[in-house]
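Novice: structure here, sequence nowhere to be found:
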């Protein structure tokens, strides 16, 4: 492993606002992440994961390319946001099982492959009557190793969120109370 890691990042964004209530944006960026010490040098039991981890001193920095498109609507009583994204990660670092057992737990070794993350996020809030706001949100994220198509570890499950917010008028010295 060489600690002489040097890289650059790039970010470019464009916003188009055809009306006062609606806008779209396109963001393109790149980034990198060097391997951490545990990924490089660990040899032993990881009690938090109940695994025996073996580092890999041949790991290279990860490099990512990202693209995101968003559409946003914002008026006096309605706010909405829809975002699509895609991230390609070269040399993605992750731990894979070896099939062996050490110290009575499965053995994992760090490796690298190219990976892909993509997803969509949605949120909306509407003031249904004065001081009452209803919200709805959802997101889906998919991640996979490109060479095998196997899913990325720890990718969050799809979710749907809801909220109901009541903001009462000022109560003496107390104001701006939100009840979720």
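Specialist: Nice, I can see it. None of these values were measured; they are calculated from a predicted model.
Novice: now the most centrally placed residue in the chain. Nearest residue, chain neighbours left out?
Specialist: The residue lying closest to the centre of the chain (Cα atoms, centre = their mean) is residue 141, at 8.1 Å. What sits nearest to residue 141 in space, not counting adjacent residues and going by Cβ to Cβ, 6 or more residues apart in numbering, is residue 119, at 3.8 Å. Every residue, glycine included, has its C-beta placed from N, CA and C.
Novice: other residues contacting the helix or strand hosting the residue nearest to the centre of the chain?
Specialist: Assessed by DSSP states H and E, residue 141 sits inside strand 132-145. With contact meaning Cβ atoms under 8 Å, 6 or more residues apart in numbering, strand 132-145 is reached by 92, 94, 113-128, 150-152, 155-156, 158-167.
Novice: repeat for stretch 71-79
Specialist: Surrounding stretch 71-79, the residues in contact under the criterion Cβ under 8 Å, 6+ apart are 21-25, 80-83, 123-127.
Novice: show me the shaky parts of the chain.
Specialist: In the predicted model, the chain carries pLDDT under 70 at residues 1-6, 170-180.
Novice: and the strands in it, which stretches?
Specialist: Remark: strands assigned in the chain by DSSP state E are 10-16, 22-33, 43-46, 51-54, 62-74, 78-102, 105-129, 132-145, 159-166.
Novice: roughly how far apart are the residue nearest to the centre of the chain and residue 150?
Specialist: Separation of residue 141 from residue 150 (Cβ to Cβ, to the nearest Å): 16 Å.
Novice: just residue 15 next, same as before
Specialist: Where residue 150 is concerned, residue 15 sits at a distance of 37 Å (Cβ to Cβ).
Novice: what do you get for residue 54?
Specialist: Using Cβ to Cβ, residue 54 is found at 20 Å from residue 150.
Novice: and these two? Which one has more around it.
Specialist: Between residue 54 and residue 150, residue 54 has the larger neighbour count (other Cβ atoms under 10 Å), namely 17 against 13.
Novice: surely that one meets residue 41?
Specialist: No. The criterion here is Cβ atoms under 8 Å, and residue 54 misses it with residue 41 at 9.7 Å.
Novice: mutual contacts of these two, please.
Specialist: By Cβ under 8 Å, 6+ apart, no residue touches both residue 54 and residue 41.
Novice: please name the bridge partners of residue 119.
Specialist: With DSSP bridges applied, the residues forming beta bridges to residue 119 are residue 85, residue 141.
Novice: and the residue nearest to residue 26 when sequence neighbours are not counted, how many neighbours?
Specialist: Take residue 26 and drop its neighbours on the chain: the residue closest to it by Cβ to Cβ, 6+ apart is residue 14, 4.9 Å away. Applying other Cβ under 10 Å, we find 9 residues neighbouring residue 14.
Novice: who touches residue 14 in this structure?
Specialist: Neighbouring residues of residue 14 by Cβ under 8 Å, 6+ apart: 25-27.
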